[in-house]
Structures are given as structure tokens and as C-alpha cells.
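In: Sequence below, structure please.
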Amino acid sequence: MTPIRRLVAIGAVAAISACAGPGQNGETPELGDFRLGHNVVLAQEPTKGPFSREATREELTTALADAIEERLLPYDGDGLYHLGISIGGYVLAQPGVPVVYTPKSVMIFDVTLYDNDTGEKLNDEPFRVTAFEGLQNTVPLLGSGITRTKEEQLENLTTEGARMLEEWLEENEEWFEPDTDQARVPFDREEQEAKLRETTDAAGNAPGPDGAAGTAEN
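Out: Next up, the predicted model:
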């Protein structure tokens, strides 16, 4: 195999691995008693990096929330855990000059995880995710602004960010040890999302795990 073909083969394997989500191999994923409850994503004052395309708060938050739900909803433990997420900054690279200047896209967001049973945060400090578009979306010598639309860049970034979030949860699996005495916690997603929209105040503060107004960093 020539060096070029070898690189192409490696890239293809990496792309498949990076894209694979929970349950896509036909197996039901397990992460202790983890089940996604509230998935609150805010972009109160996100910093737009240099040479970035413009994205609205709604575009950023909707794309990330959808990617996280797609990644985490297959986990179906009897517990319930809530995410508070704050998008701090992003770059959706504009077309650059090949070789001389190839801007990269990135999204940065902070994550706080709450245990519904105790109402407490599981991580003392927010977990920071810095997501790039990933190897499978990289074109040598060309910035993604040349080869990707804004929507494609945003999808790539949020998909990678959700994958990194899932990886962080898996690294802290001790948080999700099943309790044999715990009954399954009911959660009507549509109903709860409607309540969240009602209780989110005009400043964009996110409700905490009990529905009270707070911030994603709390």
C-alpha cells in the first residue's frame, strides 16, 4: 500500500469511529442509571472569534441541544440527570487563502451536570468542551470555510462537542451507579421542555434542576 493510500485508509477508519454514536451498532448503550433529563443550552453572550461567519443564539443553542439529545437519549437508566450548558464562543470559519491562511472552526461550551435525586451538582467546576470539526471533516490545505456551509460547520462542531460530552460522562461512570432501591423517575420530555420555556426569565437564565431560575454555570 502506498503512503497516500495508507493515509486515506487511516482517515476513513477515524471518520467512522468519530461518527459512530451510542447504539448505532445495534446494541442498547448502558451508562449505569444515566438518563437525560433537562438539556438546557444557553448562549447569553457568546464571543464570535475572528474571521467567523455570523450565527444567532438560537442557531447555536438549537444545534448543540439537538446534537446532545441525539447522542445521549439512547441511554435509558432509571435515574435522571440534568445538563446546564453555556456556549462561550465560536468560530465558523470563513473562506481563507489555501496554505497561507486556513481558518479552523471551533465551539467552546461549559457543562454542569445535576443529579435529579439530590438536586446537587456532580461536578464542582464546569467541564469545558473545546470542539473542532474533527478529522473526518478536515480537508488538507483548505479551511472548512471553503468546503463547508455555515450549517455544515455548525453540525460538525456540535456533533463533535456532543461526542466529547458523552466521553466525559463515561469517564465519570461512578456518578451513575445504579441504586437497586430506586424507582424509575418519570420524565415527560415535551411537558418538561414547555415548563422550562415558561420559567426561563427574560435575561436568558436557565432553570436549575428543580425548575427554579438559575444559570447554566450554577
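In: now residue 74: how far from residue 37?
Out: Look at residue 74 and residue 37: by Cβ to Cβ, to the nearest Å, they are 15 Å apart. (Glycine included, C-beta is placed from N, CA and C.)
In: ok, now how distant is the residue lying closest to residue 116 once chain neighbours are set aside from residue 42?
Out: In this structure, residue 116 finds its nearest non-sequential neighbour in residue 80, 3.8 Å apart by Cβ to Cβ, 6 or more residues apart in numbering. Using Cβ to Cβ, one gets 20 Å for the distance from residue 80 to residue 42.
In: just residue 197 next, same as before
Out: 13 Å.
In: Comparing these two, which shows the higher neighbour count?
Out: Regarding residue 197 and residue 42, a neighbour count based on other Cβ atoms under 10 Å identifies residue 42 as having more, with 24 against 9.
In: in the sheet, who's paired with the more buried one?
Out: With DSSP bridges applied, the residues forming beta bridges to residue 42 are residue 86.
In: can I assume it is in contact with residue 87?
Out: Yes - counting by Cβ atoms under 8 Å, a contact exists between residue 42 and residue 87, whose distance comes to 6.9 Å.
In: Identify the contacts common to those two.
Out: Here residue 42 and residue 87 share the contacting residues residue 61, scored by Cβ atoms under 8 Å, 6 or more residues apart in numbering.
In: just for this structure, where's the confidence low?
Out: Across the chain, the ranges flagged by pLDDT under 70 are 1-28, 96-102, 134-147, 200-218.
In: mind listing the strands in it by residue range?
Out: When secondary structure is read from DSSP state E, the chain shows strands at 36-42, 47-48, 81-91, 106-115, 127-132.
In: and residue 75, how far is that from residue 37?
Out: 11 Å.
In: how much does the biggest helix by length in the chain deviate in direction from strand 36-42?
Out: Once the chain is assigned using DSSP state H, the helix that runs over the most residues is helix 150-171. Regarding helix 150-171 and strand 36-42, their directions subtend 130 degrees when assessed with axes from the mean of the first three to the mean of the last three Cα atoms, to 10 degrees.
In: Begin at 39, not 1, for the rest of this chat.
Out: Sounds good: first residue 39 from here, last item helix 188-209.
In: And helix 188-209, what's buried?
Out: Across helix 188-209, burial judged by 16 or more other Cβ atoms under 10 Å covers 188, 191-204, 207.
In: Need the max-distance pair from the residues you listed.
Out: Across the buried residues of helix 188-209, the longest distance by Cβ to Cβ is 28.8 Å; it joins 188 and 207.
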